[in-house]
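Student: Here is a sequence together with a model predicted from it:
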Amino acid sequence: MKRRELIKYLSVLPVSGAVTGAVLPFQSVQAEEMPDYKPEFQSGPKRLAAIITEYRPGSHADVIIGKYLEGFNQDQMAPYPDSKIVSIFTEQVPDNDMSRPLAKKYNVPIFRTVADALTLGGNQLAVDGVILIGEHGVYPTNDKEQKLYPRFEMFLKITDVFRQYKKSVPVFNDKHLSWSWRQAKRMVEISKELKFPMLAGSTIPVSWRIPAVDTPYGAKQKYAVGISFSGLDIYGFHLLDGLQAVVERRKGGETGVRAVQCLEGQDCWNFIDQNEWVKRLFDLAISHSETRVAGSMRDLVKKPAVFIIDYNDGLKAAAFLLTGLLQDFTYAIDIEGQQKPFSTLMKLQAGKPHYHFGCLVKNMEIMFKTGKAPYPVERTMLSSGILDFALESRILGYKILETPELSRVRYLSSPESHFFSKGWDKNGKRLD
């Protein structure tokens, strides 16, 4: 099957039904020739290529790439990340594009193709790392209300260059790996095949936590609740990635997800009323919110929704999206042997410099400098898959979907935590 045909096939296959467990065979003839990735400890900063869908004010490119160009506080003052952006590719150029003026100001070349951005227009891989930001821009939406950002297609263009030159470098992918579980899984498979470090995901798991606590590593967990707001796709992923970051630390590590379900409207409220553990953990989680609106929750939230997740090892989780009630991310988890559940707020900064993206950049820098991802890319692969199947449940009449594909996901996180324990000063500047 030709690559163009493969991409088309992967993009149109349904998520539900008998073929959900099918994985297309794909083996590069060059894969066996790829050397193991070894970081080059040359003097000077790491050179990074920025591969972007759209770079405009307030976009993820603005608050990620902007920190490399303008400093962590985006005020053209220290501190700066150690690595440097040496090339930019943007797929779309809106009227309020920032990439062209900033590239000119900071003397960063913009290239017309992904390949040219990775080779700096030459005939060899000429960067030490790649930042892929496939978020924002004009793209279609499918029947599951997923925005079809071309992260997978852009990733294939990046890894085609790796294959061509038989060399690879670390890759960071912002947010979902893909709107499609198959594509997300394939991206991780390719990273293993071509032997390069990969990091991905949301800012939520690494943002400032209040209190600054993590789930005890290796302790058994029974129930978990997360609460957030906004759209099912756009913020549902953030909510799930934050949840996954704290439940993956449980006894035995991540063992996979056997079933998911989405509920909306009155069924969401009924789910709370009918499950004591949900109500108890919900009340504890929401007690950490700093943005909760006063008044009746059920009057304020016009379109409540919950993703229900059943893990293989017995953990049961519920992730709520309650727009109109709050504008932050809170979590609570029952820990075996611990009388009081784990609970915290994963706090965001509403305006620039968007502190939480600085937390993400600092973790990206760990990978670019050491050649090792600080936390597993499988976390984001599983979060992407849970969301995809939950949205499939929604359009199939809110049925419980068995997920044999997700039940096969196994990984161990490291005992170290990578969230931040300090916030910002009265002027909005980072304190760490």
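Tutor: Arrived safely.

Student: all contacts plus neighbour counts: C-alpha atoms, from now on.
Tutor: Fine.

Student: Next, count neighbours for the residue nearest to Tyr355 when sequence neighbours are not counted.
Tutor: In space, and not counting its chain neighbours, Tyr355 is closest to Gln349: 5.6 Å by C-alpha to C-alpha, 6 or more residues apart in numbering. Counted with other C-alpha atoms under 10 Å, the neighbours of Gln349 add up to 16.

Student: what do you get for Thr119?
Tutor: So Thr119, with other C-alpha under 10 Å, has 18 neighbours.

Student: Please identify the helix or strand for Arg182.
Tutor: helix 181-193 (DSSP states H and E).

Student: Mind giving me the packing neighbours of that helix?
Tutor: With contacts defined as 3 or more C-alpha pairs under 8 Å, 6 or more residues apart in numbering; DSSP states H and E, the packing partners of helix 181-193 are helix 3-12, helix 151-165, helix 377-395.

Student: Given the next helix or strand after the longest one, what are its sheet partners and their directions?
Tutor: Read that as helix 377-395. As assigned by DSSP H and E, the chain's next helix or strand after helix 377-395 is strand 401-402. Here strand 401-402 has these sheet partners by DSSP bridges: strand 257-264 (antiparallel).

Student: Which parts of the stretch 151-300 of the chain are helices?
Tutor: Under the criterion DSSP state H, counting those that start in this stretch, the stretch 151-300 of the chain contains helices at 151-165, 181-193, 236-247, 266-274, 276-286, 297-300.

Student: Go through the helix holding Arg182 and flag the buried ones.
Tutor: 181-188, 190-191, 193 (16 or more other C-alpha atoms under 10 Å).

Student: What angle do helix 151-165 and it make with each other?
Tutor: With axes from the mean of the first three to the mean of the last three C-alpha atoms, to 10 degrees applied, the angle from helix 181-193 to helix 151-165 works out at 20 degrees.

Student: Need the CA coordinates for helix 181-193. PDB is fine.
Tutor: Coordinates of each C-alpha in helix 181-193 appear next as PDB, following Å, rounded to 0.1, in the frame of the first residue of the first chain:
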ATOM      1  CA  TRP A 181      -7.000   6.200  18.100                       C
ATOM      2  CA  ARG A 182      -5.400   4.300  15.200                       C
ATOM      3  CA  GLN A 183      -3.300   7.200  14.200                       C
ATOM      4  CA  ALA A 184      -2.300   8.000  17.700                       C
ATOM      5  CA  LYS A 185      -1.200   4.400  18.300                       C
ATOM      6  CA  ARG A 186       0.700   4.400  14.900                       C
ATOM      7  CA  MET A 187       2.600   7.500  15.800                       C
ATOM      8  CA  VAL A 188       3.900   5.800  19.000                       C
ATOM      9  CA  GLU A 189       4.700   2.700  17.000                       C
ATOM     10  CA  ILE A 190       6.700   4.700  14.500                       C
ATOM     11  CA  SER A 191       8.700   6.400  17.300                       C
ATOM     12  CA  LYS A 192       9.700   3.000  18.600                       C
ATOM     13  CA  GLU A 193      10.400   1.700  15.100                       C
END
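
Student: Would you mind listing the residues in contact with the residue nearest to His418 when sequence neighbours are not counted?
Tutor: Using C-alpha to C-alpha, 6+ apart and skipping residues adjacent in sequence, the residue nearest His418 is Val206, 5.7 Å away. The contact partners of Val206, by C-alpha atoms under 8 Å, 6 or more residues apart in numbering, come to 356, 359-360, 418-420.

Student: Fine, thanks again, bye for now.
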